[in-house]
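Peer 1: could you work out the structure for the sequence below:
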Amino acid sequence: MAVRFKAMRAGASSLASVIGMAAVVTGAHVGAGSAQALDAGAVPVAERWTATFATAARYYSWSGTRGMPGNGSTSPGSGTLVHVPFALQLLGQPTDDFRVELLARGGWVSARQDTPGLSGEVGTFTDTLASGTVTYLGFGGLQPFVSMDINLPTGRSALFGSAANARMDPDLVDIDIFGEGWNIGPSIGANIAVTDRLMATLAAGYTWRGVYDREISLAALTSERNNQQLTRVDPGDLFTVSGALAYEGGPWTAKLSGAVWTETATLENGAPLFRAGTTYQAGLTIDHAWQNGWGVSTLTGNYWNRGNNDVRFLGAAALAVEPFNTNSNVYSAGFQHLWQMGDFWFGPVGSVLYRDRNGYDLGTLQYVPAKLRYTAGVTAHLVRRNGLSLDLRAEHMWMHEGETTAINGQMYSVLANGYVLNDAAPQRMSTGWRIGAGLSLKF
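Peer 2: Numbering: from 1, shown residues only. Predicted coordinates:
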């Protein structure tokens, strides 16, 4: 039994899958090994190992009626971010019964904001992710695997002075945290052939997250904006359970995935700071290959939700459940259609994101506003038989953010579990660009 995906789709998405989007270990390896057939069979010795190098240059720009955060300045603002990720992946089958996947991923980022009173810039390497997965192929219809992910702190976690203003809304850019500590995340799971067209993946993992230094967490509040004292953060460990279903039938392929994870308490200078609520994530991808050369359409959808946090009252030593949920529900959907001309694929792309309410983001030390964001653009892929793939993508962005209220000059603080001095912010309109170019070489 086998689940085999179209070669074009694998080639078109290989650059993104190798480079990846996140530098932080999540503790689970959803779908590890799922790109290979369950009945892999014998492989000639000369073809047992392949290596892929991938890199890209991603450019983000925005301008809006206010800078970031919206309550930090009454003036219009703008910003740019350049992210250059790179990765090296090694895939091998040293014997007929074992498959090995090794991956090293890192990058460099330059971020800048130009807003009166909030201008700042930073340039730094990001953290480096090293991972390995070993899959056993000796069982018919079942592939158990073990994985290990390690986050190496090669990036910059503490930003002082104006550099702190270079952190941007995570809904605008693909990287908003430039570094943290050592993370070690083992996981186990299995790929299971349910039928000859349907494969399931189940996995569970635990991530130990190491301590690192950064600014004090209250520095984003208006009353504490100049308080940038060095702070020792011990982030909560993660336990993750995840699963996926992959289907192929005729012109259709689909993948449904989901994950649930919980965290232990995060400490700041040895004292409990908060414990994030249970997090739920779900995703769906559907591909359809049209007949008569009309190309391939891809539709994606994602949902993200987190329950109430445990937080600390002002002056209290213990954590307590916050009275109302300060986390957002985030919904997103994307569309892509590609036409083929030989080795060249091109077509339109678009997406929509909806964040239903303001949500506090500990990574950027600020509230991420409720918003509705649209993007539209074009993408192109060149997949060559000699192992070279090129990718181009350009999208224009329109975003409308909701207002941030501050009754009598006070706002509820997740970190204090009470009201503290802070400024309100009106609705904000922003536009921008997301442009990327990349290449991958398989040898």
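Peer 1: from now on I want contacts and neighbour counts done on CA atoms only, so please keep to that.
Peer 2: Will do.
Peer 1: residue 132 and residue 90, how far apart?
Peer 2: 9 Å (C-alpha to C-alpha, to the nearest Å).
Peer 1: overlap in contacts of those two?
Peer 2: Here residue 132 and residue 90 have 100, 101, 102, 103 as joint contacts, going by C-alpha atoms under 8 Å, 6 or more residues apart in numbering.
Peer 1: list just the nearest of these to residue 333.
Peer 2: Closest approach to residue 333 among the shared contacts of residue 132 and residue 90 (C-alpha to C-alpha): residue 103, at 28.3 Å.
Peer 1: quick check: closest non-adjacent residue to the closest one.
Peer 2: If you skip the residues right next to it in sequence, residue 103 has residue 89 as its closest partner in space, 4.4 Å away by C-alpha to C-alpha, 6 or more residues apart in numbering.
Peer 1: and the next element down the chain from the helix or strand hosting that neighbour?
Peer 2: Take DSSP states H and E as the rule and residue 89 turns out to sit in strand 77-95. Downstream of strand 77-95, the first helix or strand assigned by DSSP H and E is strand 98-114.
Peer 1: please enumerate the strands of the stretch 151-300 of the chain.
Peer 2: For the stretch 151-300 of the chain, strands defined by DSSP state E, counting those that start in this stretch occupy the ranges 183-193, 198-209, 212-215, 230-234, 238-249, 252-263, 266-268, 271-275, 279-289, 296-306.
Peer 1: can you say which of these is nearest to residue 348?
Peer 2: Among the strands of the stretch 151-300 of the chain, strand 296-306 comes nearest to residue 348, with 9.9 Å by C-alpha to C-alpha.
Peer 1: just the element for the spatially closest residue to residue 274 that is not a sequence neighbour, please.
Peer 2: With C-alpha to C-alpha, 6+ apart as the criterion, residue 274 has its nearest non-adjacent residue at 4.4 Å, and that residue is residue 311. Element membership of residue 311 [criterion: DSSP H and E] is strand 310-312.
Peer 1: neighbouring strands - and their directions - for that strand?
Peer 2: Paired strands of strand 310-312, with direction, are strand 271-275 (antiparallel), strand 319-321 (antiparallel) (DSSP bridges).
Peer 1: for residue 80, name its beta-bridge partners.
Peer 2: Note on residue 80: beta-bridge partners by DSSP bridges are residue 61, residue 112.
Peer 1: does it touch residue 67 like I think?
Peer 2: No. With contact defined as C-alpha atoms under 8 Å, residue 80 does not count as touching residue 67 (11.9 Å).
Peer 1: identify the contacts common to those two.
Peer 2: Each of residue 113 lies in contact with both residue 80 and residue 67 under the rule C-alpha under 8 Å, 6+ apart.
Peer 1: those two: which is more packed in?
Peer 2: Legend: neighbour count by other C-alpha atoms under 10 Å for residue 80 and residue 67, higher for residue 67 (28 against 21).
Peer 1: quick check: closest non-adjacent residue to that one.
Peer 2: The spatial neighbour of residue 67 that comes closest, neighbours along the chain excluded (C-alpha to C-alpha, 6+ apart), is residue 77 at 4.0 Å.
Peer 1: list the contacts for the one you found?
Peer 2: Under the criterion of C-alpha under 8 Å, 6+ apart, the contact partners of residue 77 comprise 63, 64, 65, 66, 67, 68, 113, 114, 115, 116.
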